[in-house]
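Asks: show me how the following folds:
(one chain, ligands or ions: 2)
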Amino acid sequence: MSQAIKLGDVSDIPIVNFAPFLDGSNKQAVADAMIQSFKNTGFVYLVNHSLPKDKVNEMFAWSKKFFALPIQTKMLAPHPSSGMYPRGYSPPGKEKASQHVYDANELEKLRVQAPDVKESFEVGREDDPMANIWLPDGVLPGFKEASLDFFWACREVQLTILRALSLGLHLDEDYLEKCHTVAENQLRLLHYPRYITVEKASEMRFLTSASSVPIEQIERHEVERIGAHSDFGSITLLLQDDAGGLEIEDHYNPGTFIAATPVEGAIIVNAGDFLMRWSNDMIKSTIHRVRAPPNKRAADGMAPERYSIPYFCSADFTRVVDCLPGTYSDDKPKKYEPISAYQYVMTRLNALYAS
Ligand SMILES: O=C(O)CCC(=O)C(=O)O
Ligand SMILES: [Fe+2]
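Replies: Ligands and ions are numbered 1, 2, ... in the order given. Model prediction:
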């Protein structure tokens, strides 16, 4: 008997069984389900994927160890002041995710009004011209090796997912893979602390993870865990712990958000803006955010701590892409000029980071 493809859904985001793609028993049906979901919601949950569970658990354990270091130690691997250099450690309040705000003053105003209450550590491939920023030798031994190992484990999964998406788009199975040969990818460890005191939001940028975030402040938008934004590469693979809080915009009711509740063992895959543009807007890049999950309040009114690990994938930076075959016609002309991934991603990255 053939295996089920759709195993359920979470707030209308399907949970797709990736096994029939991996074992070759029903590749097209898995591919079609993923593309259908990308067209409808821009998100899909994948289970029975090829990312080993023990590797995921191990990376979360390293992430916890890293973020538990004193802030002074974490700051020994600082994210450079330019948003165009996504490597190293960013303390709480440093980044403000936003949607298409490019003016520096405007961004600064937003960030001070409602800073993101999160800290992050970002890693690329070791031979990337944008060099990694590691802790000094001897501090947290094993962390660098584990992060790089995980980077490449995610890379394998990325390639498999790209093959499925290519099939779903009725392209050659290696079509998208051939546009992602270099691993222009970014592994990001994220920690949304449980304790941060926000006396005034503007003080956030200097805070350590030792203070506290009352839930009401998150609800009043005074602080956000990660503000509403879309990702800007081609796809993102997201792993989340069981804390919850991730929400995606409901396309049928713009401005309202639905919960992307954690599913045990699943990778959430979402399309980024670059893929949306590449697909002539056939695929959606959906706005998402992280807030305090309403059903998980601690008795003291605090937001529970959350760890997540997104893996952002970009097409080869030098590649100039035009709309994908099959996404335009006489009735549905191309909406966009060709653009290089570098040009597109860098413009978006630059707007993210406060100097
Ligand atoms: O923590 C999460 O689940 C969301 C992270 C995210 O959306 C991002 O880093 O772009
Ligand atoms: Fe995101």
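Asks: from here on, just use CA atoms for contacts and neighbour counts.
Replies: OK.
Asks: if I look at the residue in the chain that ligand 1 sits nearest to, how far off is R87?
Replies: In the chain, the residue that lies nearest ligand 1 is S308 (4.8 Å; Cα to the nearest ligand atom). Taking Cα to Cα, to the nearest Å as the measure, S308 falls 17 Å from R87.
Asks: which of the two has more neighbours?
Replies: More neighbours surround R87 than the other of S308 and R87, with 24 against 20 (other Cα atoms under 10 Å).
Asks: helix, strand, or coil at P20?
Replies: Look at P20: counting by DSSP: H, G, I helix; E, B strand; the rest coil, its state is helix.
Asks: how many other residues sit next to the closest residue to it other than its chain neighbours?
Replies: With Cα to Cα, 6 or more residues apart in numbering as the criterion, P20 has its nearest non-adjacent residue at 4.9 Å, and that residue is N26. Residues within reach of N26, counting by other Cα under 10 Å, total 17.
Asks: you'd agree N26 is up against N17?
Replies: No - here N26 lies out of contact with N17, judged by Cα atoms under 8 Å, at a distance of 10.5 Å.
Asks: on the three-state scheme, the residue positioned nearest the centre of the chain is what?
Replies: The centroid of the chain falls nearest to P310 when counting by Cα atoms, centre = their mean (3.9 Å). With three-state DSSP as the basis, P310 sits in strand.
Asks: what's the answer for A33, then?
Replies: helix.
Asks: surely it and N17 touch.
Replies: No - between A33 and N17 there is no contact under Cα under 8 Å: 9.5 Å.
Asks: what is in contact with those two at once?
Replies: Residues touching both A33 and N17 (Cα atoms under 8 Å, 6 or more residues apart in numbering) are 5-6.
Asks: what residues does the protein put near ligand 1?
Replies: Counting by Cα under 6 Å from any ligand atom, the residues of the chain lying close to ligand 1 are 231, 240, 246, 308, 310.
Asks: gap between the third one and D231?
Replies: Separation of L246 from D231 (Cα to Cα): 14 Å.
Asks: OK, contacts around A266?
Replies: Listed by Cα under 8 Å, 6+ apart, the contact set of A266 reads 45-49, 239.
Asks: before we move on, what about T318?
Replies: T318 makes contact with 340-342 under the criterion Cα under 8 Å, 6+ apart.
Asks: between the residues you listed, identify the one with the most neighbours.
Replies: The most crowded member of those is A341, carrying 22 neighbours; neighbours defined as other Cα under 10 Å.
Asks: which non-adjacent residue is nearest that residue?
Replies: Excluding the flanking residues, the one nearest A341 by Cα to Cα, 6+ apart is F317, at 4.7 Å.
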